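Novice: Build me a model:
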Amino acid sequence: MAAASVGPSPVEERMPYYKKRVEVFEKFLEREQAKLEAAKAANVAIKVIMPDGKERAAVQGVTTPMDIAKEISASLAKKVVVADVDGHAWDLARPLEGDCALKLFSFDDTEGKDAFWHSSAHLLGQALELEFGVDLTIGPALEEGFYYDCFMGDRTLTEADKARLEKRIEGSVKESQKFQRVVVTREEALSMFEENKFKIEIIQGLPADATITIYRVGPMVDLCSGPHLPSTSYMKAISVTQMSRAFWRGDVKREPLQRVYGVTFPDSKLLKDYQHRMEEAKKRDHRVVGVQQELFFFHPLSPGSCFFLPHGARIYNNLVGYIREKYWEYEYEEVITPNIYNFDLWKTSGHADHYRENMFSFDIEKQEFGLKPMNCPARALHAPDRLGTLSPHTTTLLYPHRPPPPPPPVPGYAFTSLVIMSVMAEVQGFLKLLGEVYEVFGLDCTMALSTRPEGYLGDIELWNKAEQALTDALNSTGKAWVLNPGDGAFYGPKIDITVYDALRRKFQCATVQLDFQLPIRFGLEYASEAGTLERPVIVHRAVLGSVERMFAILTEHFAGKWPFWLNPRQVMVVPISENSVEYAFTVRKELRSAGLHCDVDSTDRKMQKKVREAQLAQYNYILVVGEAEKTAQTVNVRTRDNVVHGMFKLSDVRELMVLERNTRSRDSALSGKGQKPAEGDGAAEADA
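Specialist: The predicted model follows:
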């Protein structure tokens, strides 16, 4: 009986297409080489201005950024990975086209990391093609790492495939494959990728005047705008990190894709550090800690919404309470607005034109209504009070609603009506408030001023004054900040605040945004001191960004080891025997009367076991009590980190704990204040 025939593998089926791309690319590369030779013959001198203002001579169409780097120093040439020419990202191996300003970036720079990981995505794409015969779609760099989406039909990738991909990538690195760039016409690009419908769709969607570039690295040729590293030899450490499911264009109705993530570094030590941080991040994952500490859960009957359990509600209420205290300190007034509105509200504000698809809407008596996804339009309905005077410093602590997957809601949003001349003072006050809040949380932050975008609305002079006011406010903080030109909102400039947690991960939480348009749309005016009606400028600002989101960030920042003032489990009282249980509950009652979260472990387990369990549950303090403590009205104090503070009078420990809570200190108020118990005392004896 003849053996059943086996068809070609996916790689064998796609190999003619892969080879055809290389052959066509080589023809286009000959065209680029001819341009280079012509430029050498022309020998046109150009000037290159470096960031320090120094001028360097170069040849148009010949000299590359790498040539300039080598002229400066061999060490710089080894360090740089990508360039910037007149504000445009540029390959180190791409010739300069005329007089220009040149910047050089290393992996340590954001621009360098982006080029490094974008180039690495191409290597991953190459490995996916040669190992699995896929059709590549898109492969961008991420904030840390990269991914490539690929079409495999009904096939899927597994964890076992990571090693295959890594081995293939490592082989490409050892070959020091060069990244080569060519410029092509739309027709040439369509011809090269005619066997890949995804690339064809991308090409057909490009603007008519788009410059189309193609890059080759080894046997892989891809549609790409660049820039890239000079070669694969820069990638010294590689890890394929995970796989997941995706859909073309992010549309569940389109083709299913396999998404493969990876990360690379120029140094193996950096990879080890990354892997350590990722392992630590898994342990700190708020979804894991939230379950372990019984803080919250999620349910499919309310997707995207969090159900807070009693201990989670304690933290949530503490966060809201703290912000309310700060608002009182900074003299904000709180207002309350409804949750449901006629859609005319958002038509007036302009939000309906931009965000309708991300809003919950429904019909009532042939009129369209919706749940509010943001607070500001509703606040505008009563911005001027009944007397028509300016009503500054108001805040809304209600919670907007958006369909999942939701942009973060903005409880803690504030709405301030100002004249332009007082913007600086207002923003200064907010930045001071923000700094105090983040200092309490132990979060570092950076600030960026985002200025007028191309499609801005309003008077240019008003924009200039507002941007200057924000600049002055930022300078007054004494802290470093950066400029994001053209990244402001269409209605006004803004300050974006990025926070960094204990693992140096960054999050966008707080913001300050000036708004010239909302007052116009709602016809807002106020009576000035001169008795004239004036148009205010609105300051939108948020501190937490969202209570729920900040809750998640802090859960991971503290790794579940909450500071005393936030901890829903502050004190555990451990009686050393059944005879001490009654006194343990007396201690609990005393501390609870001061508003402290205190529990008693009255089980019949050994005292050491109960102490250890309390430490693992992340109670800040464990109070061990026995007959001696009952007689003396004292407690024996230790921490979750097993630091023994010693013996305290119950009244003293109550006072010190209240002090630590009220000052929101991250340091123990009991440290160094306890007394060593006498030998033979109950808790000390049981501890021996």
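Novice: Would you mind confirming that residue 215 makes contact with residue 122?
Specialist: Yes - using Cβ atoms under 8 Å, residue 215 is in contact with residue 122, at 6.7 Å. Heads up, the C-betas are built off the backbone N, CA and C, glycines and all.
Novice: Show me the beta-bridge partners of the one residue sitting closest to the centre of the chain.
Specialist: For the chain, the residue sitting closest to the mean C-alpha position, by Cα atoms, centre = their mean, is residue 507 at 3.4 Å. Per DSSP bridges, the residues bridged to residue 507 are residue 499.
Novice: Pull up the gap between it and residue 443, please.
Specialist: Distance from residue 507 to residue 443, counting by Cβ to Cβ, to the nearest Å: 9 Å.
Novice: Number of residues surrounding residue 170?
Specialist: Close neighbours of residue 170, defined as other Cβ atoms under 10 Å, add up to 16.
Novice: Let me fix that, I meant to ask about residue 287.
Specialist: Residues contacting residue 287 under the criterion other Cβ under 10 Å number 13.
Novice: got it, and residue 250?
Specialist: 9.
Novice: again, but for residue 661
Specialist: Using other Cβ under 10 Å, residue 661 has 22 neighbouring residues.
Novice: any common contacting residues for residue 507 and residue 443?
Specialist: Common neighbours of residue 507 and residue 443, using Cβ atoms under 8 Å, 6 or more residues apart in numbering, are 499-501, 553.
Novice: quick one: the helix ranked longest in the chain to chain centroid distance?
Specialist: Using DSSP state H to define each element, the chain has its longest helix at helix 10-42. Remark: helix 10-42 is offset 40 Å from the chain centroid, using Cα atoms, centre = their mean, to the nearest Å.
Novice: And stretch 64-77, by the same measure?
Specialist: Taking Cα atoms, centre = their mean, the mean C-alpha location of stretch 64-77 is offset from the chain mean by 34 Å.
Novice: Next: stretch 266-275.
Specialist: With Cα atoms, centre = their mean, you get 21 Å for stretch 266-275.
Novice: Run a quick neighbour tally on residue 143.
Specialist: The tally of other residues near residue 143 (other Cβ under 10 Å) stands at 10.
Novice: Not counting sequence-adjacent ones, nearest residue to it?
Specialist: Closest residue to residue 143 apart from its sequence neighbours, by Cβ to Cβ, 6 or more residues apart in numbering: residue 506 at 7.8 Å.
Novice: quick one: that neighbour and residue 474, what's the gap?
Specialist: According to Cβ to Cβ, residue 506 stands 18 Å off from residue 474.
Novice: Could you do residue 671 as well?
Specialist: Using Cβ to Cβ, we find residue 671 at a distance of 37 Å from residue 474.
Novice: who has more neighbours, residue 506 and residue 474?
Specialist: For the pair residue 506 and residue 474, the greater number of neighbours falls to residue 474 (23 against 15), based on other Cβ under 10 Å.
Novice: The more buried one in helix, strand or coil?
Specialist: Three-state assignment for residue 474 (DSSP: H, G, I helix; E, B strand; the rest coil): helix.
Novice: The one 5 residues further on too?
Specialist: Look at residue 479: counting by three-state DSSP, its state is coil.
Novice: List the residues that contact it.
Specialist: residue 447.
Novice: Let me see the backbone angles for the nearest residue to residue 280 once chain neighbours are set aside.
Specialist: In space, not counting the residues next to it along the chain, residue 280 is nearest to residue 503; the distance is 6.2 Å by Cβ to Cβ, 6+ apart. Dihedral pair for residue 503: phi -100, psi 10, per degrees, to the nearest 10.
Novice: go on, residue 533?
Specialist: phi -90, psi 130.
Novice: Tell me how many other residues surround the closest residue to it other than its chain neighbours.
Specialist: The shortest distance from residue 533 to any non-neighbouring residue, by Cβ to Cβ, 6+ apart, is to residue 525 (4.4 Å). Residues contacting residue 525 under the criterion other Cβ under 10 Å number 17.
Novice: what do you get for the one 5 residues further on?
Specialist: By the criterion of other Cβ under 10 Å, residue 530 has 6 neighbours.
Novice: again, but for residue 292
Specialist: Residues near residue 292, counting by other Cβ under 10 Å, number 12.
Novice: where's the nearest residue to it once chain neighbours are set aside relative to residue 24, distance?
Specialist: With Cβ to Cβ, 6+ apart as the criterion, residue 292 has its nearest non-adjacent residue at 7.0 Å, and that residue is residue 560. Distance, residue 560 to residue 24, using Cβ to Cβ: 56 Å.
Novice: Kindly report the same for residue 301.
Specialist: From residue 301 over to residue 24 the distance is 54 Å, taken as Cβ to Cβ.
Novice: In terms of neighbours, single out the busier of these two.
Specialist: Here residue 301 and residue 24 are compared on neighbour count by other Cβ under 10 Å; more neighbours surround residue 24, at 18 against 7.
Novice: nearest spatial neighbour of that one, skipping sequence neighbours?
Specialist: Among residues not flanking residue 24 along the chain, residue 192 sits closest, at 5.1 Å (Cβ to Cβ, 6+ apart).
Novice: Can you check what pLDDT the model gives that neighbour?
Specialist: Listed pLDDT for residue 192 reads 94.
Novice: Residue 25 is in contact with that one, correct?
Specialist: Yes - counting by Cβ under 8 Å, residue 192 touches residue 25, with 7.4 Å between them.
Novice: Spit out the residues that contact the two alike.
Specialist: Counting by Cβ under 8 Å, 6+ apart, the residues touching both residue 192 and residue 25 are 214, 221.
Novice: okay, those two: which has more neighbours?
Specialist: Neighbours per residue, other Cβ under 10 Å: of residue 192 and residue 25, the larger number sits with residue 192, 22 against 18.
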